[in-house]
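In: turn this into a structure:
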Amino acid sequence: MTSGSFSLEALLAQLPPPLFDPEPLQQCVETLEEEQGIATLSQLVELYLKDAPTYRDQVFQGIAEENDSLLRQAAHTLKSSSRSLGAVGLGKVCEAMEKNAIAKRFAIASLQKGKFAKTFDESIKILTQFSGNLRQ
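Out: Okay, the predicted model is just below:
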């Protein structure tokens with residue numbers, strides 16, 4: 001699949017496993033006609049990049065305040081939206097945070113903040129680059 005001066009397959013192949021699975025992104029494009037699918041995918045990634053920092057901050061706030069509801073909701077939302085864009089590594093870390101919230105294991109969640117932050121930052125960096133490449 002090519003559009004303009006780039007190949008979507010080449011862009012998807014650059015997403016590093018196991019942090020990313022390109023399949024959900026490919027399915028998004030295939031569901032619609034190619035040009036419309038790429039435009040829709042670009043919009044979805046942009047929305048994610050805009051909203052994800054809010055959910056990251058809510059995860060940290062939920063841990064700091066030992067607020068299981070806030071932590072669970074933010075981790076769940078970030079998990080689902082990350083996985084839908086192929087960011088399975090971040091989805092997995094968010095799932096662990098969500099389980100910690102359900103079990104009210106704030107000490108464990110606090111210990112996992114570093115891994116969460118690192119995986120979040122790596123995922124955002126990769127999706128930002130991917131989004132820029134989609135717009136070229």
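
In: per-residue confidence averaged over the helix or strand hosting residue 44?
Out: Secondary structure from DSSP states H and E places residue 44 in helix 34-64. For helix 34-64, mean pLDDT rounds to 93.

In: quick one, strands of the protein?
Out: Listed in chain order, the strands found in the chain under DSSP state E are 2-3, 6-7.

In: least reliable of those by average pLDDT, please.
Out: Mean pLDDT values for these show the minimum at strand 2-3, a mean of 44.

In: give me the contact list for stretch 116-130.
Out: Where contact means CB atoms under 8 Å, 6 or more residues apart in numbering, the residues beyond stretch 116-130 that reach it are 11, 14-16, 19-20, 45, 48-49, 52-53, 56, 59, 82, 85, 87, 89-90, 93-94, 97. To be clear about C-beta, it is placed using only N, CA and C from the backbone, and glycine gets the same treatment.

In: for residue 41, which non-adjacent residue is spatially closest?
Out: Spatial nearest neighbour of residue 41, chain neighbours left out: residue 28 (4.9 Å); criterion: CB to CB, 6 or more residues apart in numbering.

In: separation between the most centrally placed residue in the chain and residue 65?
Out: With distances taken as CA atoms, centre = their mean, the chain has residue 82 as the residue nearest its mean C-alpha position (2.7 Å). When distance is defined by CB to CB, to the nearest Å, residue 82 is 23 Å away from residue 65.
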